[in-house]
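Chemist: Model the following, please.
(one chain, ligands or ions: 1)
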Amino acid sequence: MAGRKKAGVSRHRSRRKRKPPTPEPLIEKGFNEIVEALGIGVLGLSDEELREALIEPVAMVLGASKPSIQALIKRLQRNLSRVYQLIIIYMLEHRDKLSEEQLEFAVAYGDRALLPYIGRLYSEAESRGRDDLVAVLRGVWEKYGKTSPVRCPKCGFRAVDPGLTCRICGYTLSEDEAKRQLGFNDLLVMVASTMPREMIEEMIADGAVYVTMRGVYPLRRARREEPGVVLELTPREKKMLDEYSKGGRNA
Ligand SMILES: [Zn+2]
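Modeler: The predicted structure is shown next:
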């Protein structure tokens, strides 16, 4: 392939615009080789679907001139993780339900690309009893998702939104459940003994706090762009805050 004619370098010749190569004819020509080289024949997609799924990956690695099939395959392999992600996105967009092989492939190679689909992938993995896949999905969420301070008792993701509903499985926690998940009592003791008295008074006056991964804030100081939950304070909790913050309470 090295002996191919090079595209014109001189300014005169390049004035005549060459049409940039398009993915489809290359996919058509090298279909079997590409599918085999990428190992995507096992996914159970039809040839038609594979052709479509390859359009974006091939477009991504296409330069200005038309490569040989071998060169194209090398480029795809050099960008394999992104290539796989694009194929996974295609599968997720075109299939209502994934086969077990497709699900395994998606979870193994999808990484950050799985984030918009993570609730659906969770329910597919969970309904098959694939705790191993659920664990990987949880890891993806912890790494890239809007991590909440409260772990959902049903699915185990730190994905409880400010209204106490889980973004992954849809379960809604009661305030008590959310507080149990957080170890709210201990948290309040710590807050009361370390925070300025002024903020404690704000919490008591607001009657509620905003809890994020970084700490506990009076509701009026909540920075809503930071994922967290709103929790009401019971009279007992207010009293506890008040007493601990005044320093020294014996039991
Ligand atoms: Zn959940």
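
Chemist: For the chain, what lies in contact range of the ion?
Modeler: Selection of the chain residues close to the ion by Cβ under 5 Å from the ion yields 152, 154-155, 166, 168-169, 171. Yep, even glycine has a C-beta here, placed from its N, CA and C like the rest.

Chemist: May I see the residues you listed organised as CSV, with pLDDT added?
Modeler: As requested, those are arranged in CSV below (pLDDT from 0 to 100):
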residue, pLDDT
152, 96
154, 95
155, 96
166, 96
168, 96
169, 95
171, 97
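
Chemist: May I ask which helix or strand of the chain has the lowest mean pLDDT?
Modeler: helix 11-14 (a mean of 51; mean pLDDT, DSSP states H and E).

Chemist: can you count the residues close to residue 164?
Modeler: Using other Cβ atoms under 10 Å, residue 164 has 19 other residues around it.

Chemist: again with residue 36
Modeler: 12.

Chemist: Just the residues contacting the strand or helix carrying it, thanks.
Modeler: Using DSSP states H and E, residue 36 sits within helix 23-38. If you take Cβ atoms under 8 Å, 6 or more residues apart in numbering as the criterion, helix 23-38 is touched by 41, 47, 50-51, 54-55, 58-59, 62, 66-67, 69, 72-73, 76-77, 80, 83.

Chemist: on that earlier part again, and the residues of the chain next to the ion, which are buried?
Modeler: 152, 155, 166, 168-169 (16 or more other Cβ atoms under 10 Å).

Chemist: Just the ones of those residues in helices?
Modeler: Using DSSP state H to define helices, no part of these is located there.

Chemist: Could I get the pLDDT score of the nearest residue to residue 133 once chain neighbours are set aside?
Modeler: Counting by Cβ to Cβ, 6 or more residues apart in numbering, residue 133 lies nearest to residue 125, which is 3.9 Å off, once chain neighbours are set aside. Note on residue 125: pLDDT of 98.

Chemist: which ones are touching residue 125?
Modeler: Applying Cβ under 8 Å, 6+ apart, we find residue 125 in contact with 103, 107, 131, 133-134, 137.

Chemist: what two of these are the furthest from one another?
Modeler: Within the contacts of residue 125, 103 and 131 form the most distant pair, 13.2 Å apart (Cβ to Cβ).

Chemist: Show me what stretch 76-90 is in contact with.
Modeler: 34, 37-38, 40, 43, 49, 52-54, 56-58, 60-61, 105-106, 109-114.

Chemist: I misspoke; the intended subject was stretch 172-187.
Modeler: Under Cβ under 8 Å, 6+ apart, the answer for stretch 172-187 is 149-153, 160, 163-166, 211, 216, 229, 231-232, 237, 240.

Chemist: try 6 Å this time
Modeler: 150-151, 164-165 (Cβ atoms under 6 Å, 6 or more residues apart in numbering).

Chemist: Just the buried residues from the residues you listed, in ChimeraX please.
Modeler: This is the ChimeraX syntax for the buried subset of the contacts of stretch 172-187, where burial follows 16+ other Cβ under 10 Å:
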select :150,151,164
